[in-house]
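> could you work out the structure for the sequence below:
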Amino acid sequence: MAPSVVLVTGVSRFIGAHLAARLAADPSIDRVLGVDTIPPPRELLRGMGRAEFIRADIRNPLIAKVITSAEVDTVVHTSLSSSPAASGGRVAMKEMNVIGTMQLLAACQRSPRVRRLVLKSTTAVYGSSPRDPAIFTETMAPKALPAGGYAKDAVEIEGYVRGFGRRRPDVSVTVLRFANFIGPRIDTALTRYFALPVVPTVLGYDARMQLLHSEDALAVLEQASRQDLPGVFNVGAPGVLLLSQAIRRAGRVQVSMPSMVVGPASRLFRGARLVDMTPDQMRFLNFGRVVDTDRLRDTFGFTPRWTTMQAFDDFVHGHKLRPMISTAQVDVVEKGVLAAARALT
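Numbering: from 1, shown residues only. Predicted coordinates for the structure are as follows:
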C-alpha cells in the first residue's frame, strides 16, 4: 500500500533531510513530516520542498500526539547518531538513540493508523573482530558483541524493533543495515578521515572495507518508504577496498602507528575537531567488515548504482582531493633509488 502521510526523523542531517525532500516531491504522498530537535540548516530546509518541519524531541512522549493528530501511516526512523561530539556527548547520544527509539515505537504502537516502519540501522551490529567471517549474512550474529558506542546502541534498538513487530504484526517492519556511507555530498567521520593530509593507520592491519554511496542509501530508504518490504536487509555496494588502497586512491599519505599510539592520536584528532573517530570505528578500520547483499538484490529488489570503488572515487572527485605527493616527486624518488641500486652493483 502506498504511503499517505510519512514521518521522517532526523531531518536536521543529510540523510533525513534529503529523504524527506524525495518523498515530498511525490504528488501521490499527501504529507511529509520532518521531525528533529533542531531545525535543518537553511540549505537543507530549502531543499525539503513541501515537507513540513516539526521541532520535536522523540524522547518526549508528546511525539505520540504528532503521529496521532497527523494520522501518520509510515514512519522512517533515520535519526540514529554515530557521533558523540555531534550529539553533545556519549550520554546524550545514547539517550537520543535508545530512549528516543523506545518512545517512538511506543507512539507507533498506540496509533492504529501506522502501517509501515522503516529503521535505518547499520552493519556495525555485526561488530569488527579478527574472528569475523569473510562475509556476514543477515542471519549471522557477531563474533564479539559491540561493547559500547553506536554499534551497541544499534543492537539494542534492533531488539526493541523486533519486539514492536511482535506486538504489532499488522505493521510492515523493515530494518536496513547500512554499510558506511561515502560520497561527494555527505560529511561523516569516515569522509573526514580520508580527507586528512596524513592518514594514521594501525601497524600490521589493512582492513577490507565495503562502502555505500549516499545516493544509493537514499534510494533504498525511499523504496522502503513506498513499499511493504518487511525483513532485515544488509545494504552495501558490490566490491571491497583495502584501507591502504583507499588511502592511495585519495592521494593521502599513510602513516602506520603501533596500536598503543592510536588511542592518544585519535583523542588528539577529536580535540582538534579534525575527525571524531570512536572506538568502534577504529575497530572497523583495523578489521573491516563485509556483508552479503543477496537479499537486497533478490528480495528487496535493489541493486546499487555505484560499486564500493566507484563510490569512493566519486567522493575523492567531489571533494577535489589532490595527491599530497605528486607524480613528478614519485618519479624523482624512483630514479634516485634506481641510480643508487646501479651504483651498488
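
> shaky segments in the stretch 151-300 of the chain?
Low-confidence segments of the stretch 151-300 of the chain (pLDDT under 70): 262-263, 265-276.

> tell me how many other residues crowd T174.
T174: 25 surrounding residues under other Cβ atoms under 10 Å. All C-beta spots, glycine's among them, are computed from the backbone N, C-alpha and C.

> and it, that one's in a strand?
Yes. Assigned with DSSP: H, G, I helix; E, B strand; the rest coil, T174 falls within a strand.

> hmm, it is touching S121, no?
No. Assessed by Cβ atoms under 8 Å, T174 is found out of contact with S121, at 9.9 Å.

> from Y150, how far off is P130?
21 Å (Cβ to Cβ, to the nearest Å).

> and P184, how close does it get to L321?
10 Å.

> ditto for A141
Relative to L321, and taking Cβ to Cβ, A141 is found at 37 Å.

> more crowded one of these two?
L321 (16 against 10).

> all helices of the stretch 151-300 of the chain, in order?
In the stretch 151-300 of the chain, the helices defined using DSSP state H, counting those that start in this stretch lie at 189-195, 214-226, 243-249, 259-271, 279-287, 294-295.

> and for E95, the neighbour number?
Using other Cβ under 10 Å, E95 has 15 neighbouring residues.

> could I get the contacting residues of it?
E95 sits next to R59 when contact means Cβ atoms under 8 Å, 6 or more residues apart in numbering.

> quick one, phi/psi of it?
The phi and psi torsions at E95 (degrees, to the nearest 10) take the values phi -60, psi -50.

> start at 10 instead
From this message on, residue numbering opens at 10, which makes the last subject E104.

> more neighbours: which of P139 and Y159?
Higher neighbour count among P139 and Y159: Y159, with 25 against 10, using other Cβ under 10 Å.

> can you name the residues bridging to V244?
On the basis of DSSP bridges, V244 takes part in beta bridges with F187.

> I'd assumed L220 was in contact with it.
No. Look at V244 against L220 with Cβ under 8 Å: they stay out of range, at 11.0 Å.

> list residues touching both of these two?
Common neighbours of V244 and L220 (Cβ under 8 Å, 6+ apart) are A188.

> quick one: low-confidence ranges for the stretch 10-159 of the chain?
Low-confidence segments of the stretch 10-159 of the chain (pLDDT under 70): none present.

> please enumerate the strands of it.
14-18, 40-45, 61-64, 83-86, 125-131 (DSSP state E, counting those that start in this stretch).

> would you format these as JSON lines with distance to D215 and mean neighbour count included?
Below are the strands of the stretch 10-159 of the chain laid out as JSON lines (distance: least, Cβ to Cβ, whole Å; neighbours: other Cβ atoms under 10 Å):
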{"stretch": "strand 14-18", "distance to D215": "37", "mean neighbour count": "27"}
{"stretch": "strand 40-45", "distance to D215": "38", "mean neighbour count": "24"}
{"stretch": "strand 61-64", "distance to D215": "44", "mean neighbour count": "14"}
{"stretch": "strand 83-86", "distance to D215": "35", "mean neighbour count": "26"}
{"stretch": "strand 125-131", "distance to D215": "22", "mean neighbour count": "25"}
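
> could you export those as CSV, including distance to V249?
Below are these laid out as CSV (distance: least, Cβ to Cβ, whole Å):
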stretch, distance to V249
strand 14-18, 31
strand 40-45, 34
strand 61-64, 39
strand 83-86, 29
strand 125-131, 18
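
> between the ones you listed, which gets nearest to A216?
Proximity to A216, assessed across the strands of the stretch 10-159 of the chain by Cβ to Cβ, is greatest for strand 125-131 (16.2 Å).

> that closest one versus strand 181-187: what angle between them?
20 degrees (axes from the mean of the first three to the mean of the last three Cα atoms, to 10 degrees).

> who are the packing partners of strand 125-131?
strand 83-86, helix 158-176, strand 181-187, helix 223-235 (3 or more Cβ pairs under 8 Å, 6 or more residues apart in numbering; DSSP states H and E).

> strand partners of it, parallel vs antiparallel please.
Strand pairing (DSSP bridges) places strand 125-131 next to strand 83-86 (parallel), strand 181-187 (parallel).
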